[in-house]
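Q: I need the structure of the sequence given here:
(one chain, ligands or ions: 1)
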Amino acid sequence: MNEISQIKEYARKNSIPIVMDKGGEFICRTIVDRGCKKILEIGSAIGYSAINFASLPDDIYVRTIEIDIDRYSRAVDNIKNCGLENRIKITNEDALDALIDEKFDLIFIDAAKAQYEKFFEKFKHNLSENGVIITDNLFFHGMVENPQLTHNYSTIKLIRKIRKFVSFLQLNPEFLTTIHDTGDGVSLSMLNPDFIQPEYTQLSLEDKNVSCSPQLSKEIEYGNKVYSVSEEEHQTGLFSYHKKEDYFVISLIEFYDRERIKITLMNMLMFVRKDAVKNGIHLIKIKLPSDCFFDGIERIGLSPCGDGMLVHKL
Ligand SMILES: C[S@@+](CC[C@H](N)C(=O)[O-])C[C@H]1O[C@@H](n2cnc3c(N)ncnc32)[C@H](O)[C@@H]1O
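A: Numbers count the residues shown, from 1 in each chain. Predicted coordinates for the structure are as follows:
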């Protein structure tokens, strides 16, 4: 048995999760086809996938991060035994704390699934212009498609998170993402060349376009309640939008964490902007509960008109 097969066998015997054959082949093919030279991996486990990537012909460099000290130590040994110390750099740390400035041609996110979105948001800044981000386990052994396959509460929670991550990818205007039915479900995201960062303008109460009707305020709901605004309502992620006379209203339909609201709002705006342009509309009002404003959304102006009305001028 060669070194790589032994590592795989060790992982199987010790229940250490490693990339499935088909998923691994997909990534290796992507590396070769796209001529990727620098790879960042989040979640090394015992180094199996990193060793596979670095063993591909050509001069490939892999930077990989593992949080678990025992797995890290074994990965270090495995990398050494394969003679790949010069091609693989591994560190033992929480990837969310890692300080990495380099750019990579391929980023493989394969660590804690519940944190995929955080990893994605953090490491997208390390992606080279033509690079790709790959995530694994999006089908979670068929359970994402068929949640009834499990009754375990924490697995059900995890499945929900994976679903949310998939919709985050699909609605993310900054990236073009394809989901591949290979291995345990693999996504491939590349930067969207047409992406334009939305711009927001702060308006004051004096501005005639700002309004805050009590009726609109009443429409704001908390909790997981999904509410319908009108028959023409459209829904994307956590928001719905609908057309009023000469403006659009975006409403929050599900309360979630602030970071997610922000990202989903950005995504929603991309959709609504397109529709607004088509309809000759120049104003979008965004309703959020007043406690829903958060750091990092300064670019969006908050009008001082009661319970959180943002106005976005096209
Ligand atoms: C599925 S395994 C990785 C398998 C590996 N990529 C392979 O195919 O050989 C996921 C690994 O991510 C690690 N991990 C989880 N959260 C992490 C974090 N925040 N930072 C770094 N590693 C993490 C886990 O300890 C685990 O070993």
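Q: Show me the shaky parts of the stretch 151-300 of the chain.
A: Per-residue confidence for the stretch 151-300 of the chain (pLDDT under 70) gives these ranges: 196-239, 252-271, 287-300.
Q: Verify the stated contact: Tyr241 with Arg273.
A: No - with contact defined as Cβ atoms under 8 Å, Tyr241 does not count as touching Arg273 (10.6 Å). C-beta coordinates here come from the backbone N, C-alpha and C atoms, glycine included.
Q: Mutual contacts of those two, please.
A: Counting by Cβ atoms under 8 Å, 6 or more residues apart in numbering, the shared contacts of Tyr241 and Arg273 are Ile284.
Q: Pick out whichever of those two has more residues nearby.
A: Tyr241 (23 against 18; other Cβ atoms under 10 Å).
Q: Residue numbers of the protein in contact with the ligand?
A: 17-19, 41-45, 48-49, 65-68, 71, 94-96, 110-112 (Cβ under 6 Å from any ligand atom).
Q: Give me the buried entries from the residues you listed.
A: Among those, those classed as buried by 16 or more other Cβ atoms under 10 Å are 18-19, 41-45, 48-49, 65-67, 71, 95, 110-112.
Q: what pLDDT does Phe108 get?
A: On pLDDT, Phe108 comes in at 98.
Q: for it, phi and psi?
A: phi -110, psi 110 (degrees, to the nearest 10).
Q: is it true that it touches Gly131?
A: No - applying Cβ under 8 Å as the test, Phe108 and Gly131 come out as separate, 11.2 Å apart.
Q: Comparing those two, which residue is more hemmed in?
A: Between Phe108 and Gly131, counted using other Cβ under 10 Å, Phe108 has the larger neighbour count: 29 against 21.
Q: give me the beta-bridge partners of that one?
A: Beta-bridge partners recorded for Phe108 (DSSP bridges): Glu41, Ile134.
Q: check contacts around it.
A: So Phe108 contacts Ile27, Ile39, Leu40, Glu41, Ile42, Ser49, Phe53, Ile134, Thr135, Asp136 (Cβ under 8 Å, 6+ apart).
Q: Pull the contacting residues for the last one.
A: Applying Cβ under 8 Å, 6+ apart, one finds that Asp136 lies in contact with Val19, Gly23, Phe108, Ile109, Asp110, Gly183, Asp184, Gly185, Val186.
Q: 10 Å - rerun?
A: 17, 19-20, 23-24, 26-27, 43, 49, 108-111, 113, 116, 182-187 (Cβ atoms under 10 Å, 6 or more residues apart in numbering).
Q: Which of those fall in helices?
A: Gly23, Gly24, Phe26, Ile27, Ser49, Tyr116 (DSSP state H).
Q: Turn these into JSON lines, including pLDDT.
A: What follows is those, written out as JSON lines (pLDDT from 0 to 100):
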{"residue": "Gly23", "pLDDT": "92"}
{"residue": "Gly24", "pLDDT": "95"}
{"residue": "Phe26", "pLDDT": "95"}
{"residue": "Ile27", "pLDDT": "96"}
{"residue": "Ser49", "pLDDT": "97"}
{"residue": "Tyr116", "pLDDT": "93"}
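Q: sorry, back to before: list residues touching both of Phe108 and Gly131?
A: Ile39, Leu40.
Q: Dump the C-alpha coordinates for the helix or strand encompassing Thr178 into CSV.
A: For Thr178, the enclosing helix or strand under DSSP states H and E is strand 175-180. In CSV, the C-alpha atoms belonging to strand 175-180 read as follows (Å, rounded to 0.1, in the frame of the first residue of the first chain):
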residue,chain,number,x,y,z
PHE,A,175,-19.8,35.2,-7.1
LEU,A,176,-21.0,32.9,-9.8
THR,A,177,-21.6,29.5,-8.2
THR,A,178,-22.3,26.1,-9.5
ILE,A,179,-23.3,23.1,-7.3
HIS,A,180,-22.0,19.8,-8.5
